[in-house]
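Chemist: Sequence and predicted structure, then a few things I'm wondering about:
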Amino acid sequence: MSFQIYRDKWGIPHIRAGSELELAYAQGVNVALDRGWQLEVERLRSKGVSAAALGKEYLEWDKFARRSKLDETAINCFQQLDSDTREWLCEYVKGVNSALGKSKNTAFEKHAIEPQAWEPWTPISVWFSTHILMGGFPSKIWREELIQRLGEQYLDYFTSEDLWRAESNGWYIPPSKTLSGKSIQAGDPHRVIELPCCYQQVHLSCDEYTVLGFAIPGIPGIAHFGHAGSVAWSITNAMADYQDLFFERIYQKGDAYYCQGPEGEEPVDICKEVIEVRGENSVKIDVLETPRGPIIVEGRDARLPISIQLPARKYSVSGFETLRALLRAESVDDVEQAFSYWVEPVNVLQTSDVNGKFVSKVVGQVPERSTENFKRIVPAWSRDSVWTGRIEGKRSDNSEQAAVMANQRGLASEMGTEFSPEHRANRILSLVNFRDLWSVGEVQQIHTDTYLSTAPIILDIVASLSDLSQAAFRLQQILIRWDCNMEANSVEAALFSKLRANVVQQVSKVPDFQVMNSIIEQSEYSELFYPWLSVTSRIAFALNSLLANEDLGLDVTSIVRKSLIDLSAEQHLDETWAEIHTITPWNAYRDERLNSWPGIGGDHDCVLSSYSVPGLTHSCWRAPVARYIWDLENIENSQWIVQFGANDDPEHEYFSNQFDIWRQGSLVPVSVEWDEILLESTVDLSEVNLCNYSHVVNGLGRFEVRPVNPKHDSDLIHSWVTQERAQFWGMANYDKQYIEFIYQYLDVHPHHDIFFIAFEDQSVALVQLYDPRYEEVGGKFVTQTGDIGLHIFVAPAKNPVAGFTQGIFNTIKDYVFSNSDNKRIVAEPDSHNIKALSRFERLGFAFGEQVELTSKTAQLVYFEREVR
């Protein structure tokens, strides 16, 4: 058993293995090698421990992650996965753990961080931490404050997209409009720019399937954008509302806490947690949860605490079944069935296949509830706010016409509140329909279209102005002759952006809007939510609506006139748009050289959707972080690109080698032929998995070491450890599923080995070896280099044989000491387990001290390696 990692000229990994599970393991190995720093940062964030490693600026995120119980939710969801998906996920995590520490990224040394082991559910936890803010719930805080301070009518004035949610373009060109007679799917995900990119190009192949696309580092498979040869799929954010916020009335009775629910008094779970902060004092927080969900905003003065209800936490579902099923898809029907498990984020799916079939559908779980829940924070005690079911996603299967998904209202119109305007969707559709027939090479023209259809809203006012100064008149003439294309090298585009910023600043001075500034000025919420609560940013993205709304009474002409005059007095009016619209990626490197990159064209309402925050910054913080063109006629004709590169090490040749190509709007060709790409490494899995070790005991026979397979062996383990004789093993009350879960955790952990001792093909003992330095007991005695911890459970014997237990231990002993690094075996039986203590004494263990552990008083016993 082995797997191979190949590289094409761009450094993109192409991974080939025999079976599906071997491929999952190999994908985990590869992502740990290529994106090891990124994985560690995401693991830290998902567990809410990033401040301990990266500093105080991560504290507010850690508070939110702890309070929202991301990691605990992931554990619950992992346990509810079907057995095959759990096994697949565990193999991926085992691959990650096997390659941890092999990354040569200098960021680890710079931050004095060593990557820690992933747990079986860590990918789910990372998924939640990556996507939770994309659901739009912080906008409900904004809307609630807007209603309370200015009145509900102001909601209409600020009608716009939810500016901080991930968006995308995606379009389907039907067979009748392509030169090949087969469909083409294309698009680009618009996300907050991260360094490294939040997507990883990858080609996965095993005996069962071959798939390529964009993986999310830390998540197995290819979730969002993939091509399997006979079928392709892509998604955009549906802008659906599936996260609810509730005002909670919480009170204390004695030592317990309660809240008021729809049916009366309800219990509240509460615990205290400590968040470590690098270079600072630790911070203690209360973590509370009502029957609706965790409290994510503490009460303050007259404001009640706010809880969040999420489908994933309420129902313990992650949707990870979709990820595995997608890899096996061969048709549109298969892809649609795979996405039937999808939970969040709620997306619009497009999928087409070689047979000419096409489906677009809203996928994910949107709860059925009151319309008030969609709009604002609702009272937890109201029966009207209770979830009553699930809204089914709408579907379209018209394969004859072009289709566009660009976060606009459409299939998801009944599922959300704030959608993107129709500008991008309409522009893409008009571009697709403008040409009779498309080839793959021509499609990228759509990706890079920079026409800003909303610019005339301000430009028409500019054109109407009179009695201007000479400088202002000159700018007026430049702007009204401009073609409204936000091209990178355009001075006019930069002038327009500067003018628009001035307009935003002028509108933000309106007294009514000034009232909203105190939300941030008085620190009424965590700074994590400031982007959603900023009045200036809200005005910037609702500007077109505000300028067109006569009810507000804005003197629009005077605002634009003053903005133009102010602009005419500014310096650097010869700058191009790219010179000020520079790329500013979020990153954890702490390297000033990586904080700003050359700029691009486009704007948030362009097809080339690149976001600044007019009135605050011209810098680009969100953009198409990847692009794809999936050709259903031949996968080899497909093209793709990510924003930076394949590797997360700033010193690596593949760190940013795609950036200039991406910036120019181009893509690179897909490679799928193995003889055209370079073999980088071959890994023999028999060398990284627990080896099959055997030991012959005179008079008895051959004992063998056999790895535990949690999925297949949980029945046997359950039958052993739930017997009365196994009371000290501590699993007497566990069901089979929970035992499988425990041994899956141990199986993926790099500091644990679990295996059976088998005799004549029958398992006769369960053994766990571990590094005591990573366990509670390691803090209770002086560990030595070469210590190996031991737990052993000997199965009940039908016909006891003299010396049999000694034969089992001799096999374990010889197996452990076959590694010259291992010097001493340490066991920690319960001090009340007389049988175990007697057994260890007979086996030659020396008795040490007793130590207090969480679950028992342990008697430490030691077996030293013989010195020869």
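Modeler: Perfect, thanks for sending it.
Chemist: what are the ranges of the helices in the stretch 1-150 of the chain?
Modeler: 20-34, 36-47, 50-54, 59-67, 70-80, 83-99, 107-111, 122-131, 138-150 (DSSP state H, counting those that start in this stretch).
Chemist: Any chance of CSV for those, columns mean pLDDT and distance to residue 195?
Modeler: For glycine as for every other residue, the C-beta is placed from the backbone atoms N, C-alpha and C. CSV is the format used below for the helices of the stretch 1-150 of the chain (pLDDT from 0 to 100; distance: least, C-beta to C-beta, whole Å):
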stretch, mean pLDDT, distance to residue 195
helix 20-34, 98, 14
helix 36-47, 98, 9
helix 50-54, 98, 15
helix 59-67, 98, 17
helix 70-80, 98, 23
helix 83-99, 97, 21
helix 107-111, 92, 11
helix 122-131, 98, 15
helix 138-150, 95, 24
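Chemist: Tabulate those helices (a markdown table), appending distance to residue 866 and mean neighbour count.
Modeler: What follows is those, written out as a markdown table (distance: least, C-beta to C-beta, whole Å; neighbours: other C-beta atoms under 10 Å):
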| stretch | distance to residue 866 | mean neighbour count |
| --- | --- | --- |
| helix 20-34 | 36 | 25 |
| helix 36-47 | 39 | 25 |
| helix 50-54 | 42 | 22 |
| helix 59-67 | 48 | 22 |
| helix 70-80 | 42 | 21 |
| helix 83-99 | 31 | 23 |
| helix 107-111 | 38 | 16 |
| helix 122-131 | 40 | 25 |
| helix 138-150 | 64 | 20 |
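Chemist: between those, which one is nearest to residue 682?
Modeler: helix 20-34 (10.5 Å; C-beta to C-beta).
Chemist: Does that closest one pack against any helices or strands, and if so which?
Modeler: Counting contacts by 3 or more C-beta pairs under 8 Å, 6 or more residues apart in numbering; DSSP states H and E, helix 20-34 is packed against strand 2-7, strand 13-17, helix 83-99, strand 200-205.
Chemist: Mind checking what secondary structure the closest residue to residue 300 other than its chain neighbours has?
Modeler: Of all residues not flanking residue 300 in the chain, residue 524 sits nearest, at 6.5 Å (C-beta to C-beta, 6 or more residues apart in numbering). Recorded secondary structure, residue 524: coil (DSSP: H, G, I helix; E, B strand; the rest coil).
Chemist: start at 10 instead
Modeler: All set: I'll call the first residue 10, so the last point we hit is now residue 533.
Chemist: how much space is there between residue 603 and residue 659?
Modeler: 6 Å (C-beta to C-beta, to the nearest Å).
Chemist: out of the two, which sits in the busier spot?
Modeler: Neighbour count, other C-beta atoms under 10 Å: between residue 603 and residue 659, residue 659 has more, with 18 against 15.
Chemist: what's the helix or strand for the more buried one?
Modeler: According to DSSP states H and E, residue 659 maps onto no helix or strand at all.
Chemist: Test my guess that it contacts residue 600.
Modeler: Yes: at 6.7 Å, residue 659 and residue 600 qualify as touching, with contact defined as C-beta atoms under 8 Å.
Chemist: and the longest strand for this protein?
Modeler: strand 273-284 (DSSP state E).
Chemist: could you say what helices and strands that one packs with?
Modeler: helix 68-76, strand 265-270, strand 292-298.
Chemist: contacting residues around the second one?
Modeler: What it means is strand 265-270. Strand 265-270 has contacts (C-beta atoms under 8 Å, 6 or more residues apart in numbering) with 257-261, 274-277, 279, 297, 299-301, 389-390.
Chemist: Highest neighbour count among the residues you listed?
Modeler: Busiest of those [other C-beta under 10 Å] is residue 389, holding 28 neighbours.
Chemist: Skipping adjacent residues, who's closest to that one in space?
Modeler: Distances taken as C-beta to C-beta, 6+ apart put residue 255 closest to residue 389, at 4.1 Å, once the chain neighbours are dropped.
Chemist: Mind telling me what element the one you found is part of?
Modeler: strand 253-256.
Chemist: partners of that strand, with directions?
Modeler: strand 315-318 (antiparallel), strand 387-388 (parallel) (DSSP bridges).
Chemist: Output those as CSV; include the columns distance to residue 42 and mean neighbour count.
Modeler: Below are these laid out as CSV (distance: least, C-beta to C-beta, whole Å; neighbours: other C-beta under 10 Å):
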stretch, distance to residue 42, mean neighbour count
strand 315-318, 36, 24
strand 387-388, 47, 19
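Chemist: So which residues of the stretch 760-877 of the chain form strands?
Modeler: 761-768, 771-779, 796-803, 833-836, 855-861, 866-873 (DSSP state E, counting those that start in this stretch).
Chemist: Make CSV from these and add distance to residue 309 to it.
Modeler: Output for the strands of the stretch 760-877 of the chain, formatted as CSV (distance: least, C-beta to C-beta, whole Å):
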stretch, distance to residue 309
strand 761-768, 45
strand 771-779, 46
strand 796-803, 48
strand 833-836, 51
strand 855-861, 41
strand 866-873, 46
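Chemist: To residue 107, which of those strands lies closest?
Modeler: strand 761-768 (12.7 Å).
Chemist: For that closest one, which strands pair with it and how are they oriented?
Modeler: Taking DSSP bridges, the sheet neighbours of strand 761-768 turn out to be strand 710-716 (antiparallel), strand 771-779 (antiparallel).
Chemist: Cool, thanks, signing off.
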